[in-house]
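Enquirer: A structural model of the following input is requested.
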Amino acid sequence: MSKRRYKIVILKGGRSLERKVSLISGKRCAKALRENGHEVVEIDIDSRLIENLILEKPDIVFNALHGGWGEDGTIQGILEWLEIPYTHSGVLASSLAMNKEKAKRMFQSVRLPVMENLIIEKRKLKFGHPLKPPYVIKPINEGSSMGVIIISDKDKFISDADFCDLPKVIMVEPYVRGKELTVTVLGNKSLAVTEIISAGWYDYKAKYGKGGSKHVVPANIPNIIQEACKDYALRAHQSIGCRGISRTDFRWDDSHGIEGIFILEINTQPGMTPTSLVPEQASYCGISFLNLCQWIVEDASCCR
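Expert: Numbers count the residues shown, from 1 in each chain. Take a look at the predicted model:
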């Protein structure tokens with residue numbers, strides 16, 4: 001690994017619903033990169049972003065943003081225009097991954113397993129169940145389980161408060177019973193399979209709250225399922241042109257064997273918090289958090 005020391009701007013915060021997670025990811029990555037000897041400037045992005053980047057003249061931008069504006073190709077386009085090398089995926093892969101419906105279509109095109117889904121206007125929820133329960137309602141372009149609602153049975157309906165919080169157009173898909181699994185891809189290699197165990201479903205609180213979930217790495221599942229998930233994650237990463245790191249999330253209905261694996265989504269800006277899955281899988285593979293952050297920096301470029 002190169003010993004060159006860089007001036008690095010870390011972009012964090014922003015205005016998406018995942019702002020708090022991004023602030024934690026950014027702060028933690030900044031600390032690691034300083035320990036690696038780099039000059040690090042942390043920017044909580046606002047309307048002066050371009051002005052600040054021109055002023056700072058960084059060698060590399062480390063993108064620690066999550067959600068809209070930072071993970072959907074918007075920031076990536078700005079960095080391409082300014083010709084500043086940056087981390088993680090480029091414009092097209094970022095925008096495709098952020099749109100769950102478009103990503104699913106890409107996965108289907110390379111024969112990866114996804115659940116069929118409906119894209120509907122949320123007002124249609126007022127007329128009855130769009131699918132036979134149990135099913136999942138989710139925004140098309142949010143992360144960290146923001147806005148996800150599980151309708152468990154025919155007598156349960158969406159609350160007025162939840163209805164108001166949803167965007168006008170939503171995705172509805174069958175709920176897959178079974179295990180929650182996830183795989184990190186680093187460059188061109190899948191690292192491991194983690195099983196996520198939580199008291200309820202794996203919502204925002206379970207993801208980021210202390211003790212909210214238990215991570216089992218490697219997952220205690222048959223080897224054939226381990227290898228299938230790792231293969232699917234790498235192919236998902238490659239199918240939409242991801243760069244750097246990504247994390248692909250799965251549900252596995254063990255009563256159906258390998259046919260019970262379904263990709264839920266791919267994340268091009270995975271969390272880097274103390275409870276995040278990517279650093280945990282890297283550590284399992286012998287990659288320290290400092291070395292993980294250094295690898296991400298060394299991988300940075302334009303034209304991603």
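Enquirer: where does the stretch 1-150 of the chain dip in pLDDT?
Expert: 1-3, 142-146 (pLDDT under 70).
Enquirer: tell me where it has strands.
Expert: Ranges of strands in the stretch 1-150 of the chain, per DSSP state E, counting those that start in this stretch, are 7-12, 39-44, 60-63, 118-121, 135-139, 149-151.
Enquirer: partners of the first one, with directions?
Expert: Sheet pairing for strand 7-12, assigned by DSSP bridges, gives strand 39-44 (parallel), strand 60-63 (parallel).
Enquirer: ranges for the helices of the chain?
Expert: 19-35, 49-56, 74-82, 91-98, 100-109, 160-165, 204-208, 223-239, 277-284, 289-298 (DSSP state H).
Enquirer: so which of the strands paired with strand 7-12 is the most surrounded?
Expert: Highest mean neighbour count of the strands paired with strand 7-12: strand 60-63, a mean of 26 (counted as mean count of other CB atoms under 10 Å). C-beta: built from backbone N, CA, C; applies to glycine.
Enquirer: neighbours of Gly257, how many?
Expert: A count of nearby residues for Gly257, using other CB atoms under 10 Å, gives 13.
Enquirer: what does the model give it for pLDDT?
Expert: Note on Gly257: pLDDT of 96.
Enquirer: circling back: tell me which of the strands paired with strand 7-12 sits nearest to Asp160.
Expert: Nearest to Asp160 among those is strand 39-44 (34.0 Å), distances taken as CB to CB.
Enquirer: contacts for the closest one?
Expert: 5-14, 23, 26-27, 30, 33-34, 49, 52-53, 56, 58 (CB atoms under 8 Å, 6 or more residues apart in numbering).
Enquirer: gap between the two ends of stretch 27-46?
Expert: 17 Å (CA to CA, to the nearest Å).
Enquirer: next, the buried residues of stretch 284-301.
Expert: For stretch 284-301, the buried set under the neighbour-count rule, 16 or more other CB atoms under 10 Å, comprises 287, 289, 292-297, 299-300.
Enquirer: would TSV of those residues with distance to Val217 be doable?
Expert: Shown next, in TSV, are the buried residues of stretch 284-301 (distance: CB to CB, whole Å):
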residue	distance to Val217
Ile287	13
Phe289	15
Leu292	15
Cys293	19
Gln294	22
Trp295	19
Ile296	20
Val297	24
Asp299	23
Ala300	27
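Enquirer: want to throw the residues you listed into TSV with pLDDT and distance to Thr194?
Expert: Converted to TSV, those look like this (pLDDT from 0 to 100; distance: CB to CB, whole Å):
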residue	pLDDT	distance to Thr194
Ile287	98	15
Phe289	98	16
Leu292	98	15
Cys293	98	20
Gln294	97	23
Trp295	98	19
Ile296	98	19
Val297	97	24
Asp299	97	22
Ala300	98	26
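Enquirer: on that earlier part again, can I get the strands of the stretch 1-150 of the chain in a markdown table with distance to Asn220?
Expert: As requested, these are exported to a markdown table (distance: least, CB to CB, whole Å):
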| stretch | distance to Asn220 |
| --- | --- |
| strand 7-12 | 35 |
| strand 39-44 | 39 |
| strand 60-63 | 34 |
| strand 118-121 | 34 |
| strand 135-139 | 25 |
| strand 149-151 | 24 |
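Enquirer: which of the ones you listed sits closest to Ala282?
Expert: strand 60-63 (16.0 Å).
Enquirer: now do the closest one: distance to the chain's middle.
Expert: Mean C-alpha position of strand 60-63 versus that of the full chain (CA atoms, centre = their mean, to the nearest Å) differs by 17 Å.
Enquirer: which residues touch it?
Expert: Strand 60-63 is touched from outside by 6-11, 29, 33, 53, 70, 75-76, 79, 84-88, 269, 293, 296-297, 300, with contacts defined as CB under 8 Å, 6+ apart.
Enquirer: go again using 7 Å as the cut-off
Expert: 6, 8-11, 29, 70, 75, 79, 84-88, 269, 296-297, 300 (CB atoms under 7 Å, 6 or more residues apart in numbering).
Enquirer: just the CA trace of it, in PDB.
Expert: Output of strand 60-63 as PDB, limited to C-alpha atoms (Å, rounded to 0.1, in the frame of the first residue of the first chain):
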ATOM      1  CA  ILE A  60      -8.900  13.300  -2.500                       C
ATOM      2  CA  VAL A  61     -12.500  13.600  -1.300                       C
ATOM      3  CA  PHE A  62     -13.600  10.800   1.100                       C
ATOM      4  CA  ASN A  63     -17.400  10.500   0.700                       C
END
